[in-house]
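Sequence first, predicted model second:
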Amino acid sequence: MKNNIVTTEIIVKETKVGVMRIGNTNYISLTDLAKYQNSSDPSFTVKNWLRRVTTIDYVGLWEQIHNDNFNLVEFDQIKT
């Protein structure tokens, strides 16, 4: 697996953003993106993203599509 991992950086609005490629999939660092909005405490921005209803809806949809063991009933309890 380690042979299939490639890391690089891109510049977005003068901010370095880490990108990791594993196999054929790219992953972008959310923390690096959050530094654009709040360079002193990017975790605050990430926490706010994760609290949004749209983010939770997206995670639930992703799980339904990709996780055969996803428990929709438990997810609905967490969501509310």
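Here it is on my side, so go on.

Quick check, R21 in contact with V6.
Yes: using C-beta atoms under 8 Å, R21 is in contact with V6, at 4.4 Å. From N, CA and C alone the C-beta is placed, and that goes for glycine too.

surely M20 meets D32?
No: using C-beta under 8 Å, M20 makes no contact with D32, being 11.0 Å away.

Comparing the two, which shows the higher neighbour count?
When M20 and D32 are compared for neighbours, D32 comes out ahead with 17 against 13, by other C-beta atoms under 10 Å.

Nearest residue to the more buried one in space, please, no chain neighbours.
Using C-beta to C-beta, 6 or more residues apart in numbering and skipping the chain neighbours, the partner closest in space to D32 is V17 (4.3 Å).

got the buried residues for the helix or strand where the one you found lies?
Assigned by DSSP states H and E, V17 falls within strand 15-22. The neighbour-count check on strand 15-22 (16 or more other C-beta atoms under 10 Å) flags V17 as buried.

Which strands or helices does that strand pack on?
strand 5-12, strand 25-28, helix 30-37 (3 or more C-beta pairs under 8 Å, 6 or more residues apart in numbering; DSSP states H and E).

For K16, which residues are in contact?
9-10, 32 (C-beta atoms under 8 Å, 6 or more residues apart in numbering).

For it, give its distance to L72.
39 Å (C-beta to C-beta, to the nearest Å).

Can you tell me the closest non-neighbouring residue to the residue nearest to the spatial centre of the chain?
The centroid of the chain falls nearest to L30 when counting by C-alpha atoms, centre = their mean (5.7 Å). Closest residue to L30 apart from its sequence neighbours, by C-beta to C-beta, 6+ apart: V46 at 5.7 Å.

Over to I22?
That would be I5: by C-beta to C-beta, 6+ apart, it lies 5.4 Å from I22.

Packing partners of the longest helix anywhere in the chain?
In the chain, assigned by DSSP state H, the helix with the most residues is helix 53-66. Counting contacts by 3+ C-beta pairs under 8 Å, 6+ apart, helix 53-66 packs against helix 72-79.

Need the contact partners of the helix it packs on.
56, 60, 63-64.

which of those residues sit farthest apart?
Greatest spacing in the contacts of helix 72-79, by C-beta to C-beta: I56 and Q64 (12.7 Å).
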